[in-house]
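Novice: sequence and predicted structure are below.
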Protein chains: 2
Amino acid sequence: MRAPTREGVLRAAAKVAAILPSTPLLPIEIGGTTVWAKAECLQPVGAFKIRGAWHRLTDLSQAERARGVVAVSSGNHAQGVAWAARRLGIAATIVMPNDAPEVKLAGTRALGAEIVLYNRPGGESRDEVAEHLVGQRGATLVHAYADPWVIEGQGSTGIEIAAQMEQWAGGPPTRIVCPCGGGGLTAGLARACPDAEIVPVEPEGWDDVCRSLIVGEIVPVGPNPPATACDALQTLATRPINFAVLRERVAKGLAVSEAEVRSAQRFAFARLRLVVEPGGAVALAAALAGKAALDGRTAIVLSGGNVDPAAFARVIGSQD
Amino acid sequence: MRAPTREGVLRAAAKVAAILPSTPLLPIEIGGTTVWAKAECLQPVGAFKIRGAWHRLTDLSQAERARGVVAVSSGNHAQGVAWAARRLGIAATIVMPNDAPEVKLAGTRALGAEIVLYNRPGGESRDEVAEHLVGQRGATLVHAYADPWVIEGQGSTGIEIAAQMEQWAGGPPTRIVCPCGGGGLTAGLARACPDAEIVPVEPEGWDDVCRSLIVGEIVPVGPNPPATACDALQTLATRPINFAVLRERVAKGLAVSEAEVRSAQRFAFARLRLVVEPGGAVALAAALAGKAALDGRTAIVLSGGNVDPAAFARVIGSQD
């Protein structure tokens, strides 16, 4: 598999800019420092995943498009692929866990994708389900993070951040703090902004990237990981294509608690008037908890906002 | 008092663009038609009011600035004036009702303004309180809507909408549906976009502008108006400076129910991942309820997002 490149990120950014306005970069004050929140939850599907899907699908040949695409996702990548596929007239089949948030299942369905559920709590292998579909139909698998196009597409977020910070913060980002699941966004930002420090953030107990960076090789999430509200970040391990970039460019990852995530969701609600899902709020959580270093040119990615209303109401309506 | 002009709106828009990025214009599909939501709830103070305040305060002389400003507001204008005053080093005193949402009182206080409470439920006249302060200090009163600078400043929203729709919707707005309290935003949009139909929306029972347009002269809200969650739109009557513009440019206003407002807040939460306060959601409510005509170049202003978390949790967590 080819490696993701900065040239690829720039090409993806140009393609994305032609169809989607830049999401806003909103100033927020944390402990006297103004930092910059990149509101990717305002993308049409409610997450940055639309970027990688668009870059990947627009680079498919006509023959490949005719055979369709398959994706595996708990919800945000699913909606990104479904959105891009509908716009390009490509058939999309999405393999989703049967315990995905209802809002993500409904969103994917509404975009016209075929959904194939797999039994996540029962331990069914989603990759086997997807490979079977790919083999059967000759479709293209669009991996949620271990794909050079997907990585480059997610990296287009960094190109927008850099342009917006040049205009409003007086220079390019010195640091980008971002939510990290499999490492697609993180690797993309690392390629997009070669001079910025890249700080991936994961939920406690799901901090396999954090630990992989310490060990120097890919280690998966441990057995029996704790329950987390961050459904978007429940990846069991990063992959070599991502880790090759992370190892070269990322010094250290951070982990945040579930309570820190809820505080960040409440902060985004009250100060930014944004709905941010748990997994989308981990980078802000690390900043608010004093875990991430901050300066006036630090960007914080709010990666998604697809959350069931009852769950969001519980978080906003309490202080725990 | 001078009348607001389109030249004034353009001058305000240039001043606003120098310090605030355009708020996003987000596509939403309603009944098969794509319309465009202007997310003014994403302004730093959570509402469009920052625009008029900035235009007014930056046009004050050094002598006027030294004597400070006074504003009367239930919260959003308060925060707009406080934000602009802090940035310009001007002392701001805000007269606020003692039953304003806590989030708005706290937000205004956090911006460094002095707050003087008046007893709204007890019938105390806020204008008398403000006039006393103005007389005592020689301060400049920044009226929430009956002021040409304020109207022009709010109109800068329309200049942004027009530029964004040229780029993404293929042409300027044919129609702008907007929340209406005293008529500052409505009159500003009317001056900003002389070729667009302007449709003000009010809460039922507070639809004095709606009825004034029918009668052809200013009529106030009736005695004992119903309770409304739209605290931002509880103005008792528009003023001649606003009505002169509305009468010339606005054919008809609309009114929406409290239940329609809550549905619109839920829609903005789920589809746009935005926190919109009740008063900020009335234009979207009119669109969703089928009361406003829609086409592919219709803009809908989401004017504010300052809402107490418990109140928002109740709306999002239920379906009534």
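Specialist: Sure, I can see it. Numbering: from 1, shown residues only, chains lettered A, B, ... in the order given.
Novice: you'd agree A:Pro27 is in a strand?
Specialist: Yes. Looking at A:Pro27 with DSSP: H, G, I helix; E, B strand; the rest coil, it is inside a strand.
Novice: helix/strand/coil for the residue nearest to it when sequence neighbours are not counted?
Specialist: Excluding its sequence neighbours, the residue lying closest to A:Pro27 (C-beta to C-beta, 6 or more residues apart in numbering or on different chains) is A:Thr34, at 5.2 Å. For the C-beta atoms, the positions are set from N, CA and C on the backbone; glycine is no exception. Using three-state DSSP, the structure places A:Thr34 in strand.
Novice: list the residues that contact A:Thr34.
Specialist: A:Pro27, A:Ile28, A:Gly296 (C-beta atoms under 8 Å, 6 or more residues apart in numbering or on different chains).
Novice: now the residues you listed: which count as buried?
Specialist: A:Pro27, A:Ile28 (16 or more other C-beta atoms under 10 Å in any protein chain shown).
Novice: tell me the one of the contacts of A:Thr34 nearest chain B?
Specialist: A:Pro27 (6.9 Å; C-beta to the nearest C-beta).
Novice: where exactly do the helices run in the stretch 151-300 of chain A?
Specialist: Using DSSP state H, counting those that start in this stretch, the helices of the stretch 151-300 of chain A run over A:184-192, A:208-215, A:240-249, A:258-267, A:282-288.
Novice: right, and those - which one's nearest chain B?
Specialist: helix A:258-267 (7.0 Å).
Novice: buried set for that closest one?
Specialist: Result for helix A:258-267 [16+ other C-beta under 10 Å]: buried residues A:Glu258, A:Glu260, A:Val261, A:Arg262, A:Ser263, A:Ala264, A:Gln265, A:Arg266, A:Phe267.
Novice: hmm, who's touching it?
Specialist: Under C-beta under 8 Å, 6+ apart, the answer for helix A:258-267 is A:203-204, A:228-230, A:256, A:276-278, A:281-282, A:284-286, A:288-289, A:312, A:315-316, A:319-320, B:309.
Novice: make it 7 Å
Specialist: With C-beta atoms under 7 Å, 6 or more residues apart in numbering or on different chains as the test, helix A:258-267 has contacts from A:203, A:228-230, A:276, A:278, A:281-282, A:284-285, A:288-289, A:315-316, A:320, B:309.
Novice: from these, which would you call buried?
Specialist: A:203, A:228-230, A:276, A:278, A:281-282, A:284-285, A:288-289, A:315-316, B:309.
Novice: for B:Val134, see how far away the residue in the stretch 151-300 of chain A that chain B sits nearest to is.
Specialist: Here the residue of the stretch 151-300 of chain A nearest chain B is A:Arg273; by C-beta to the nearest C-beta that distance is 3.2 Å. Separation of A:Arg273 from B:Val134 (C-beta to C-beta, to the nearest Å): 32 Å.
Novice: looking at those two, which is more packed in?
Specialist: With neighbours defined as other C-beta atoms under 10 Å in any protein chain shown, A:Arg273 and B:Val134 compare such that A:Arg273 has more, 28 against 17.
Novice: ok, the more buried one touching B:Gly305?
Specialist: Yes. Counting by C-beta atoms under 7 Å, A:Arg273 touches B:Gly305, with 3.2 Å between them.
Novice: any common contacting residues for the two?
Specialist: What both A:Arg273 and B:Gly305 touch, as defined by C-beta under 7 Å, 6+ apart, is the set B:Cys41, B:Gly46, B:Leu274, B:Val275.
Novice: pLDDT score for the nearest residue to the last one once chain neighbours are set aside?
Specialist: The spatial neighbour of B:Val275 that comes closest, neighbours along the chain excluded (C-beta to C-beta, 6+ apart), is A:Arg273 at 4.0 Å. Reading off the confidence values, A:Arg273 has pLDDT 98.
Novice: which residues does A:Arg273 contact?
Specialist: Contacts of A:Arg273 (C-beta under 7 Å, 6+ apart): B:Cys41, B:Leu42, B:Gly46, B:Leu274, B:Val275, B:Gly305.
Novice: quick check: phi and psi on A:Arg297?
Specialist: phi -120, psi 30 (degrees, to the nearest 10).
Novice: now it: closest residue in space, sequence neighbours ignored.
Specialist: A:Thr174 (4.4 Å).
Novice: count the neighbours of the one you found for me.
Specialist: 18.
Novice: start to end distance for stretch A:234-252?
Specialist: 19 Å (C-alpha to C-alpha, to the nearest Å).
Novice: would you mark the buried spots in that stretch?
Specialist: So stretch A:234-252, judged by 16+ other C-beta under 10 Å, has buried residues A:Gln234, A:Thr235, A:Ala237, A:Thr238, A:Arg239, A:Ile241, A:Asn242, A:Phe243, A:Val245, A:Leu246, A:Arg249, A:Val250.
Novice: ok, the first one touching A:Trp206?
Specialist: Read it as A:Gln234. Yes. A:Gln234 is within contact range of A:Trp206, at 6.3 Å (criterion: C-beta under 7 Å).
Novice: from A:Ala264, how far off is A:Ile176?
Specialist: 16 Å.
Novice: on that earlier part again, to B:Val9, which of the helices of the stretch 151-300 of chain A lies closest?
Specialist: helix A:258-267 (34.3 Å; C-beta to C-beta).
Novice: same question for that closest one, mean pLDDT?
Specialist: 98.
Novice: which residues does stretch A:158-169 contact?
Specialist: Contacts for stretch A:158-169 (C-beta under 7 Å, 6+ apart): A:9-10, A:13, A:22, A:25, A:36, A:38, A:171-173, A:176, A:188-189, A:192-193, A:296-297, A:299, B:21.
Novice: let me see the mean pLDDT of it.
Specialist: Here the average pLDDT along stretch A:158-169 is 98.
Novice: pull the distance from it to the chain's centre.
Specialist: 19 Å (C-alpha atoms, centre = their mean, to the nearest Å).
Novice: check which residues of it are buried.
Specialist: Quick answer for stretch A:158-169 (16+ other C-beta under 10 Å): A:Gly158, A:Ile159, A:Glu160, A:Ile161, A:Ala162, A:Gln164, A:Met165, A:Ala169.
Novice: can you name the two of the residues you listed that are farthest apart?
Specialist: Across the buried residues of stretch A:158-169 (C-beta to C-beta), the longest gap, 15.2 Å, separates A:Ile159 and A:Ala169.
Novice: so which bits of the stretch 1-150 of chain A are right by chain B?
Specialist: A:Pro21, A:Pro24, A:Leu26, A:Pro27, A:Cys41, A:Leu42, A:Pro44, A:Gly46, A:Val103 (C-beta under 7 Å from any C-beta of the partner chain).
Novice: the first one in helix, strand or coil?
Specialist: In three-state terms, and counting by three-state DSSP, A:Pro21 is coil.
Novice: how about the contacts made by it?
Specialist: Per C-beta under 7 Å, 6+ apart, neighbours of A:Pro21: B:Pro24, B:Trp168.
Novice: the second one too?
Specialist: By C-beta under 7 Å, 6+ apart, A:Pro24 lies in contact with A:Ala39, A:Leu42, B:Pro21, B:Pro24, B:Leu42.
Novice: cool, and the last one?
Specialist: Listed by C-beta under 7 Å, 6+ apart, the contact partners of A:Val103 are A:Asn306, A:Val307, A:Asp308, B:Ala270.
Novice: how about A:Gly216: what's its closest non-neighbour residue?
Specialist: Nearest to A:Gly216 is A:Arg247, by C-beta to C-beta, 6+ apart, at 7.1 Å.
Novice: and that neighbour, how far is that from A:Lys15?
Specialist: From A:Arg247 to A:Lys15 the distance is 28 Å (C-beta to C-beta).
Novice: what of A:Ile30?
Specialist: 33 Å.
Novice: same question for A:Lys49.
Specialist: A:Lys49 is 15 Å from A:Lys15, by C-beta to C-beta.
Novice: higher neighbour count, the two?
Specialist: Shown here are A:Lys49 and A:Lys15; by other C-beta under 10 Å, A:Lys49 has more neighbours (32 against 17).
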